[in-house]
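Colleague: Only the shape, not the letters, is given here:
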């Protein structure tokens, strides 16, 4: 039990720092925005709607237990990875105890298996399959793949032969419901059986022909599952994928596989999104193709000489066939594809260390010398430290995308995702720079054009924004977001009449688009169509009740229409949804300070809300300070009201806000008079 405990402990130690890592990249689509995982029961509805039903079922279970708290999702991923490590340990140990290996390796079987499993478990390349939440598809498939092989290892001499066969077929089917790479499992299982448990193919087929046919029967499930795949998946993989031809994809893969092998030995420069370019000429691929050809030929030669030795190479290359051969996929290189293939490298590393330090020769039983224990211990310690360090890159969106851009600066998608992360964090200028880099690298990058236009527009650079948005629309006329953003930019420039058709077009394309309803309502309000605007804001909130902007805008329109109770409720909603929404704080404070108690007024709370709003604006907004002064006055704190109004007046004058300055000045006289105990009329 020593090594199983060590495997569990190592898995927990190396991945303990990911429990609070946020969702990133495709997690947004598959988890955060995925309405299909919001309801666990009935589970068959989830199973029937997905090409990877067990993955989505696991996500639904996580959501049922903890909503969108990342902790539970990461704990599940860690558990799957540890279980896979334990099964790999079981496979290697039983293999070394097989009749063909026992004499030489039997005495050291547990130790060798434990070292191999630990190297595989803590290797930093595995972080993409464990720490990156949605890539549990790879690790879950990997677990079922390993269980299938383990069941084959248990068939020899077992009194429960049928039970292990049923378990293998069930595991193979479950793996198919996780990811298509599982399709190679029946073939690899047969190769494993032939290499370690059967003396010939004839013997294997005579004993287990129907068993392997049952494993192959699981292939029939995959076309059914594939039919459930989202349209964007079908457009980004397979022979219909327009981004790469099978020929050039195949010619590019030798370089990718050599990169994987380099990372397996020297795991530095890990990258979430390589943006690996396709090969552009034969000269570029010739050398890598020769190297891979030699390695494959060596594996074939090794198999002919000794299937036990050749199986290690078969394990590595066969598992990569679905993703790294001739079927084009939009992502040419991704590290999670090495999840299972890495086991072959771990076998060679540990075996090589033992061989290099083995004092004995010939066919004597293997005894692991102290030097081998020390060398393997150092490798495991280094890999563990690198994994813990790599997990820190997953601690935030910005950290991950900065590292990705550092490793792959020429990848426009990485530049775009870094820009999005920076924009969400309020680092607008840095976001603009990375959006511009993404567009420079790919001038037809519609999403980057649209987002750059949006961030420029909300930054007060509407004139700069318009050309980017117009280009995005020219490239993709049905992009509702670009029409909405262009409408906003035009409205910012005072071209309200030109903005109206853009918002209307956005709503034609996407009737449930809450942001477009919100912006269209602003245009209607500017045109004096208050009731129509109120209707549009209500529509925005019908589609997105959490849109704080719509609550704030609707509250102001209702307040202007004298519908104070309704207005107050929407201001409250806006502030609750976004406690740092300064405009909503000011609007709420204004109402709380001017309404009577019967209408919901509360001068004391008005002061607290207005003070918070002014803090959010660094006490540099004259309108906010003027509202705070009015709140102080409503609470009978006239000295504070006068001093605050004085500061507001200075700011208004310094910014040339003549009308506001005049209004503040007149109010200051009232505050001063009331502070001196003199009647000065009604303060409103």
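Modeller: Here it is on my side, so go on. All of these numbers come straight from a predicted model, not from anything done at the bench.
Colleague: Residue 132 touches residue 272, doesn't it?
Modeller: Yes: Residue 132 lies in contact with residue 272 (Cβ atoms under 8 Å); the separation is 7.0 Å. Heads up, the C-betas are built off the backbone N, CA and C, glycines and all.
Colleague: ok, now which ones touch residue 277?
Modeller: residue 332 (Cβ atoms under 8 Å, 6 or more residues apart in numbering).
Colleague: Look at it and give its secondary structure.
Modeller: coil (DSSP: H, G, I helix; E, B strand; the rest coil).
Colleague: Residue 117 now?
Modeller: helix.
Colleague: Any idea how many residues pack against it?
Modeller: 29 (other Cβ atoms under 10 Å).
Colleague: ok, and the closest non-adjacent residue to it?
Modeller: The shortest distance from residue 117 to any non-neighbouring residue, by Cβ to Cβ, 6 or more residues apart in numbering, is to residue 89 (3.9 Å).
Colleague: ok, back up a step: any residues in contact with both of residue 132 and residue 272?
Modeller: 24, 25.
Colleague: tell me the SS of the residue nearest to residue 117?
Modeller: Residue 89 ends up helix, using three-state DSSP.
Colleague: 7 is where my numbering starts, stick with that
Modeller: Noted, 7 is the first residue going forward, which turns the last one into residue 95.
Colleague: I'd like the distance between residue 402 and residue 380.
Modeller: For residue 402, the distance to residue 380 equals 37 Å [Cβ to Cβ, to the nearest Å].
Colleague: out of the two, which sits in the busier spot?
Modeller: residue 402 (15 against 12).
Colleague: Show the contacting residues for the more buried one.
Modeller: Applying Cβ under 8 Å, 6+ apart, the residues near residue 402 are 28, 427.
Colleague: Let me know how buried the nearest residue to residue 570 once chain neighbours are set aside is, in neighbour terms.
Modeller: In this structure, residue 570 finds its nearest non-sequential neighbour in residue 605, 5.4 Å apart by Cβ to Cβ, 6+ apart. Residues within reach of residue 605, counting by other Cβ under 10 Å, total 12.
Colleague: Make sure residue 605 is actually in contact with residue 568.
Modeller: No: with contact defined as Cβ under 8 Å, residue 605 does not count as touching residue 568 (10.8 Å).
Colleague: and residue 44, what is it in contact with?
Modeller: 66, 69.
Colleague: Over to it: give its phi and psi.
Modeller: Backbone dihedrals for residue 44, given as degrees, to the nearest 10, come out at phi -80, psi -10.
Colleague: likewise residue 335?
Modeller: phi -130, psi 140.
Colleague: That one and residue 284, how far apart?
Modeller: 11 Å.
Colleague: Please say which of these two ends up with more neighbours.
Modeller: More neighbours surround residue 335 than the other of residue 335 and residue 284, with 18 against 15 (other Cβ under 10 Å).
Colleague: is it true that the more buried one touches residue 252?
Modeller: No: counting by Cβ under 8 Å, residue 335 does not reach residue 252; the two are 10.8 Å apart.
Colleague: which neighbours do these two share?
Modeller: By Cβ under 8 Å, 6+ apart, no residue touches both residue 335 and residue 252.
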